[in-house]
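A.B. asks: Give me coordinates for this.
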Amino acid sequence: MTRERLYLYDTTLRDGEQSPGASMTLDEKLRVANALAELKVDVIKAGFAIASNGDFQSVNEIAKQVKGPTICSLARAAKGDIERAAEALEGVLHDGMLIAAGGFGLCGIPELLLNAIRDAGTKDLTFASNNAGVDDFGIGILLQTKQVKKMISSYVGENKEFMRQYLGGELELEFNPQGTLAERMRAGGAGIPGFYTKTGVGTVIAEGKEHKDFDGETYILERGIVADLAIVKAWKADDTGNLVFRKTARNFNPPAAMCGKICIAEVEEIVPRGSLGGDAIHLPGIYVHRIIQGDHEKRIEQRTVRTA
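C.D. replies: Purely as a prediction, here's the structure:
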């Protein structure tokens, strides 16, 4: 009879900081790591070293000072995948551009393309995106490197650096109701310069916008978004660019793709032409100009567990 061994892998120092309002100093992280070592945890995920100098220092110091457990850092994508994303972006990036990015929470984020934009050093960017991921994932990595000048978004939560830069006056923010943002993208892609909506009437959202009455009700004019570049993440594609999105990733990726003058899609799988049923295609390939394939991280935004 063989004896099986259970290995304990703890993510407190990494995932714990993703909770709203949660953050830890280096000293606090060291105390937690030493406590985990005393509990005989086998592996400690100490952070995400490439995300920022602070994260690098935390991982480095924990690895130096904490004895016993294996200390690891989160890593995101293979070098070849990022290099491929950089090739896909060749010739389309420039400072000051407007980029529409798909994604909803941590789902459907074009992470390889965002990595490549970070590595390219393109700056003064405006992003139209539902949210900015978290501090070390999604658009959050570009906030860390101060490459983003303005966000056109509907949600700021989950990203401490986003909130810090906005409240500190370092980042411009154009708030949009979530449905309005999706429709602004869709309208831009459909060639519609603007549309009227009741959403936001009587709030700060309506300030400075044209008001018009229809059938006794007041509406405000919202402009369609036409981006210099759209970057999206899909589940499957064929070689003509037809895209299939999976579950929640279907929310903002299709309208983001539609509104870009150039659209680059990163996908998990490229399948033969004709293998996607017509009714299964969520976005026609006419909107997509370049495709890359790569391995992607599967993140859980908020993990909730209960005892049996």
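
A.B. asks: check contacts around the spatially closest residue to residue 227 that is not a sequence neighbour.
C.D. replies: Counting by C-beta to C-beta, 6 or more residues apart in numbering, residue 227 lies nearest to residue 100, which is 3.8 Å off, once chain neighbours are set aside. For glycine as for every other residue, the C-beta is placed from the backbone atoms N, C-alpha and C. Listed by C-beta atoms under 8 Å, 6 or more residues apart in numbering, the contact partners of residue 100 are 127-129, 185, 225, 227, 229-231, 256-257, 259-260.

A.B. asks: Apply 6 Å and report the result again.
C.D. replies: Residue 100 sits next to 128, 227, 230, 256, 259-260 when contact means C-beta atoms under 6 Å, 6 or more residues apart in numbering.

A.B. asks: Is it in a helix, a strand, or coil?
C.D. replies: strand (DSSP: H, G, I helix; E, B strand; the rest coil).

A.B. asks: Bridge partners for it, pull those for me.
C.D. replies: Beta-bridge partners recorded for residue 100 (DSSP bridges): residue 128, residue 230.

A.B. asks: how near is it to residue 241?
C.D. replies: 16 Å (C-beta to C-beta, to the nearest Å).

A.B. asks: Please apply the same query to residue 290.
C.D. replies: 8 Å.

A.B. asks: Same question for residue 35.
C.D. replies: In terms of C-beta to C-beta, residue 35 sits 51 Å off from residue 241.

A.B. asks: For these two, indicate the residue with more neighbours.
C.D. replies: For residue 35 versus residue 241, neighbours defined as other C-beta atoms under 10 Å are more numerous around residue 241 (20 against 12).

A.B. asks: Look at that one and give its secondary structure.
C.D. replies: With three-state DSSP as the basis, residue 241 sits in coil.

A.B. asks: can you pull the contacts of it?
C.D. replies: So residue 241 contacts 285, 288 (C-beta under 6 Å, 6+ apart).

A.B. asks: now residue 46
C.D. replies: Applying C-beta under 6 Å, 6+ apart to residue 46 gives the contacts 13, 59, 62, 71.

A.B. asks: Domain ranges for this protein, per the record?
C.D. replies: For the chain, automatic domain parsing gives the domain ranges 9-72, 78-296.

A.B. asks: so how far is the longest one off the chain centroid?
C.D. replies: To tie it back to what came earlier, the one meant is domain 78-296. Offset of domain 78-296 from its chain centre (C-alpha atoms, centre = their mean, to the nearest Å): 9 Å.

A.B. asks: May I have the distance across stretch 281-297, first residue to last?
C.D. replies: End-to-end distance for stretch 281-297, by C-alpha to C-alpha, to the nearest Å: 23 Å.

A.B. asks: Bridge partners for residue 218, pull those for me.
C.D. replies: residue 213.

A.B. asks: Show me where this structure has its strands.
C.D. replies: Taking DSSP state E as the criterion, the chain carries its strands at 9-10, 43-45, 70-72, 98-101, 125-128, 148-153, 172-175, 194-197, 211-214, 217-223, 229-238, 243-244, 263-271, 290-293.

A.B. asks: Just want the angle from the longest one to strand 263-271.
C.D. replies: Counting by axes from the mean of the first three to the mean of the last three C-alpha atoms, to 10 degrees, strand 229-238 points 10 degrees away from the direction of strand 263-271.

A.B. asks: from now on call the first residue 24
C.D. replies: Sure, I'll start numbering at 24, so the last one becomes strand 252-261.

A.B. asks: Can you pull out the low-pLDDT segments for the stretch 224-331 of the chain?
C.D. replies: Along the stretch 224-331 of the chain, segments meeting pLDDT under 70 span 322-326, 331.

A.B. asks: same thing but 80
C.D. replies: 319-331 (pLDDT under 80).

A.B. asks: do you know which of the strands of the chain lies nearest residue 189?
C.D. replies: Among the strands of the chain, the nearest to residue 189 by C-beta to C-beta is strand 195-198 (5.0 Å).

A.B. asks: tell me what the closest one is packed against?
C.D. replies: Contacts defined by 3 or more C-beta pairs under 6 Å, 6 or more residues apart in numbering; DSSP states H and E place strand 195-198 against strand 171-176.

A.B. asks: The strand it packs on pairs with which strands, parallel or anti?
C.D. replies: Here, using DSSP bridges, strand 171-176 pairs with strand 148-151 (parallel), strand 195-198 (parallel).
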